[in-house]
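S.K.: A predicted structure for the sequence below; I have some questions about it.
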Amino acid sequence: MQASAELPAVMVVLDPGFGERLRELWPGGPVWIVMSPINTPVIEALRPAAPDHDRSGGITGIPYEEKVPPEELLLAHLWDIDLHHGPYSSSAPYRVLKVLGASPTAAVREVLRDLGFERITATGRGFSTVRSQAAASARR
């Protein structure tokens, strides 16, 4: 997903009922999404159209765990997301993280700070966060 000014971005969808909305909102870039019964058919339909769908540019499934809060799922995957889309895997590491279906809890904010994200902006369905080029390029 590309944010304003075309900063490299990753979208994370933790809403198990997101389903068909992914077709409308998927930017064609990297997205990580929970593999719930509602989301999985849409994911499977879109994956073949994803650029580099078997690499860092496509749709990555997150195992769905009904009783696990979305913020905990996010915390469980933030470092993997950074590994796949950050300076270890990309010459243009992502700088924007857009999260749908979770809140920026204190624990989430702490990990985001550890990853170099400075600004967090609440949205109607989640939040987005941005980090500087220097922070995006830093190896942790």
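M.R.: Great, that's in hand.
S.K.: and the closest residue to residue 133 other than its chain neighbours, how far from residue 109?
M.R.: Leaving aside its sequence neighbours, residue 133 sits nearest to residue 95 (CB to CB, 6 or more residues apart in numbering; 6.7 Å). Where you see a C-beta, it was placed from the backbone N, CA and C, and this is true even at glycine. Between residue 95 and residue 109 the distance is 17 Å, computed by CB to CB, to the nearest Å.
S.K.: so between these two, which is more surrounded?
M.R.: Neighbour totals were compared for residue 95 and residue 109, and residue 95 leads with 23 against 15 (other CB atoms under 10 Å).
S.K.: quick check: the more buried one touching residue 7?
M.R.: Yes - judged on CB atoms under 8 Å, residue 95 makes contact with residue 7 at a distance of 4.4 Å.
S.K.: and for these two, which residues touch both?
M.R.: residue 130 (CB atoms under 8 Å, 6 or more residues apart in numbering).
S.K.: hang on, the earlier thing: list the contacts of the residue nearest to residue 133.
M.R.: For residue 95, the contact set (CB under 8 Å, 6+ apart) comprises 3, 7-9, 130-133, 136.
S.K.: now do it against residue 8, distance only.
M.R.: Applying CB to CB, the value for residue 95 to residue 8 is 6 Å.
S.K.: need the residues touching each of those two.
M.R.: residue 136.
S.K.: which strands or helices does the helix or strand bottoming out on mean pLDDT in the chain pack on?
M.R.: Lowest on mean pLDDT, DSSP states H and E among the helices and strands of the chain sits helix 21-25, with a mean of 90. Secondary-structure packing of helix 21-25 (3 or more CB pairs under 8 Å, 6 or more residues apart in numbering; DSSP states H and E): helix 39-46.
S.K.: need the distance between the two termini of stretch 48-61.
M.R.: Counting by CA to CA, to the nearest Å, you get 14 Å between the two ends of stretch 48-61.
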